[in-house]
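Novice: sequence plus the predicted model coming up.
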Amino acid sequence: MLFANVMQDFGFATLVGTGGAARRSQSGGVYGVPLPQSGLTLSIPRFVLDPPGGAPKGALLSAQAPWDPRGAPACPAR
């Protein structure tokens, strides 16, 4: 996700696909805190990485071009 955010925000690449399936922000590792009354474990992110260009909370990654598998070039056989 971090790679896709950098490519999109700095204009290094065009993201192709349908989009809307992954959050633009991401968390780096989580740790668990056991809740004594319920026995449940609360998972808390150690840190959150926001995209370089910024994004509203909960924003999803969007594609810049649609994916058309019929127009995709075939990979050459080796």
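Specialist: Okay, I see it. Residues are numbered from 1 along each chain as shown.
Novice: which stretches in this structure count as helices?
Specialist: 2-9 (DSSP state H).
Novice: how far off centre is the helix or strand bottoming out on mean pLDDT in it?
Specialist: Between all helices and strands in the chain, the lowest mean by mean pLDDT, DSSP states H and E belongs to strand 26-27, at a mean of 76. When C-alpha coordinates are averaged (CA atoms, centre = their mean, to the nearest Å), strand 26-27 and its chain have centres 8 Å apart.
Novice: got a list of what the closest residue in space to residue 5 that isn't next to it in sequence touches?
Specialist: Spatial nearest neighbour of residue 5, excluding adjacent residues (CB to CB, 6 or more residues apart in numbering): residue 51 at 3.9 Å. All C-beta atoms are positioned from the backbone trio N, CA, C, and that covers glycine. Counting by CB atoms under 8 Å, 6 or more residues apart in numbering, residue 51 makes contact with 5, 6, 8, 9, 24, 25, 59.
Novice: next, the contact list for the fifth one, please.
Specialist: Counting by CB under 8 Å, 6+ apart, residue 24 makes contact with 1, 5, 50, 51, 55, 59, 60, 61.
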